[in-house]
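>>> quick one, structure for this:
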Amino acid sequence: MTNLLDYLAWRGDVPFTASPWNEIDALIIATVSYLNFDGVDNERGMTLRELKENGMLRPGTGGNFPARKALFEAAAGTARFGGCRIHYFFALTDEKLMTQFSAMCADIGDGTVCVAYRGTDNTMIGWREDFNMMYCCPVPAQEAAVLYLENACRNNPAPVRVVGHSKGGNLAVYAVACASPETRDRVLDVWSYDGPGVAEQVFRSEGYREAVTKLRAFVPQTSIIGMLMCHPETYTVVSSTAAGLAQHDQFTWQVTGPRFDTAEGIDSTARFIDETLHEWLAGSTPEQREVFVNTLFRLTDSTQAITLSELRGDKLKNIARMIIASRDVDPETRRLFARLFGQLFTLGVGNVVERVMENAGDLIANKPLPDADAGVPDECNG
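This next block holds a predicted model:
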């Protein structure tokens with residue numbers, strides 16, 4: 001069984017000039033974007049090797065830090081990634097704006113620049129913004145993603161690649177779809193790793209139709225996050241060593257050479273959860289979703305938790321029970337919420353309450369009703 005770290009050990013001594021950029025390279029840069037660096041917000045920036053040697057890495061608020069740190073240190077020591085220069089690193093978590101956004105640029109050794117968007121971190125603010133996408137489009141992080149891409153293209157004449165894992169994948173696709181035609185023309189390719197789709201109005205746009213021709217989308221067999229909203233019809237299903245929602249962790253994805261190990265399609269668990277969530281999305285209005293989100297976070301705020309890590313065990317179970325019992329939430333939403341959790345336990349996915357809450361911030365679900373005279377594309381679930 002081989003993963004991203006094994007790939008670095010195998011391919012690390014081969015520069016991009018000798019072996020071209022591939023789907024594994026893109027995920028490695030997307031993973032590095034979860035980390036925080038000091039002193040790389042300027043035009044010159046620093047190479048991964050310099051960042052490691054100067055101790056510039058900071059833990060930040062993201063989860064799975066040990067694995068991401070190990071990948072960064074391994075990449076920094078290779079000929080392939082060590083010279084990649086990180087610049088225009090930007091990170092913002094603002095409670096007043098209700099946003100969590102981070103991005104960076106990486107000069108790749110093949111003459112291109114890669115714009116990488118971070119997925120959701122461990123802060124409750126980050127999760128709240130993601131939940132807000134259930135009824136609001138765009139949210140501040142999506143607007144920031146477009147501005148960041150536009151500025152990156154103005155500041156660097158090189159061809160551009162855009163990558164992101166989880167919420168970062170949504171931001172990558174959204175940014176390219178909603179950027180100016182001039183910026184979109186600069187983009188060589190877009191890489192989304194188990195990233196949610198986009199809202200229907202974005203899916204129908206000319207910008208998205210152009211962006212999707214450059215998109216490579218990857219999801220694990222039990223993909224829940226990556227199958228939400230309007231997503232491309234064509235995607236690659238990756239084999240994972242984990243079970244259930246834990247497959248969202250890119251370190252469980254299996255690699256052979258410069259490619260992922262693939263499966264024929266998503267499994268029955270993913271289909272069931274996908275259908276259950278979309279049943280609610282299709283049958284609820286944006287106003288109902290807003291009430292649900294406000295109720296959820298009013299209850300989480302009552303715990304005084306600042307990060308997701310502080311919400312564990314009984315706290316999460318009690319919040320789930322209170323949502324199901326809440327009079328603020330309409331009866332159908334309560335029933336579907338109870339059904340989803342009940343079925344997940346039946347399927348034996350493990351500590352489902354905790355796992356769902358860890359990943360639910362990426363369950364971006366803005367599904368406005370289509371125009372009366374407009375058909376709904378097959379790829380637009382729910």
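>>> which secondary structure elements does the helix or strand harbouring residue 115 contact?
Counting by DSSP states H and E, the element that carries residue 115 is strand 113-117. In terms of contacts (3 or more C-beta pairs under 8 Å, 6 or more residues apart in numbering; DSSP states H and E), strand 113-117 is packed against helix 23-32, strand 99-107, helix 140-155, strand 160-165, helix 167-178. To be clear about C-beta, it is placed using only N, CA and C from the backbone, and glycine gets the same treatment.
>>> strands paired with it, and their directions?
strand 99-107 (antiparallel), strand 160-165 (parallel) (DSSP bridges).
>>> out of those strands, nearest to residue 79?
Among those, strand 99-107 comes nearest to residue 79, with 15.1 Å by C-beta to C-beta.
>>> buried stuff in the closest one?
Using 16 or more other C-beta atoms under 10 Å as the test for burial, strand 99-107 gives 99-107.
>>> stretch 240-256 too?
In stretch 240-256, counting by 16+ other C-beta under 10 Å, buried: 240, 244-255.
>>> residue 49 should be in a helix, yeah?
Yes. Judged by DSSP: H, G, I helix; E, B strand; the rest coil, residue 49 forms part of a helix.
>>> for it, which non-adjacent residue is closest in space?
residue 82 (4.0 Å; C-beta to C-beta, 6 or more residues apart in numbering).
>>> got the CA coordinates for stretch 283-295 in PDB?
Extracted C-alpha coordinates of stretch 283-295, given in PDB (Å, rounded to 0.1, in the frame of the first residue of the first chain):
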ATOM      1  CA  GLY A 283     -37.200  19.600  -0.500                       C
ATOM      2  CA  SER A 284     -36.100  22.600   1.600                       C
ATOM      3  CA  THR A 285     -36.000  26.300   0.800                       C
ATOM      4  CA  PRO A 286     -32.900  28.500   1.500                       C
ATOM      5  CA  GLU A 287     -34.900  30.100   4.400                       C
ATOM      6  CA  GLN A 288     -35.400  26.600   6.000                       C
ATOM      7  CA  ARG A 289     -31.700  25.800   5.600                       C
ATOM      8  CA  GLU A 290     -30.800  29.100   7.200                       C
ATOM      9  CA  VAL A 291     -33.000  28.300  10.200                       C
ATOM     10  CA  PHE A 292     -31.400  24.900  10.500                       C
ATOM     11  CA  VAL A 293     -27.800  26.400  10.300                       C
ATOM     12  CA  ASN A 294     -28.600  29.200  12.800                       C
ATOM     13  CA  THR A 295     -30.200  26.600  15.200                       C
END
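>>> can you get me a residue count around residue 66?
Residues lying near residue 66 (other C-beta atoms under 10 Å) number 8.
>>> distance of it from residue 168?
Residue 66 sits 20 Å away from residue 168, going by C-beta to C-beta, to the nearest Å.
>>> before we move on, back to that, would TSV of the strands paired with strand 113-117 with mean pLDDT and distance to residue 59 be doable?
Converted to TSV, these look like this (pLDDT from 0 to 100; distance: least, C-beta to C-beta, whole Å):
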stretch	mean pLDDT	distance to residue 59
strand 99-107	93	14
strand 160-165	97	18
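>>> leaving out sequence neighbours, find the closest residue to the residue nearest in space to the middle of the chain.
Taking C-alpha atoms, centre = their mean, the centroid of the chain lies closest to residue 166, which sits 1.6 Å from it. Closest residue in space to residue 166, ignoring its immediate chain neighbours: residue 119 at 3.4 Å, by C-beta to C-beta, 6+ apart.
>>> so who does that neighbour touch?
Shown in contact with residue 119 (C-beta atoms under 8 Å, 6 or more residues apart in numbering): 34, 164-169, 195, 362.
>>> and it, that one's in a strand?
No. Counting by three-state DSSP, residue 119 is not found in a strand; it is coil.
>>> can you pull the pLDDT of it?
Residue 119 is assigned 90 on the pLDDT scale.
>>> and if you look at the one 4 residues further on?
If you check residue 123, the pLDDT there is 67.
>>> swap in residue 251?
Value for residue 251, per-residue pLDDT: 96.
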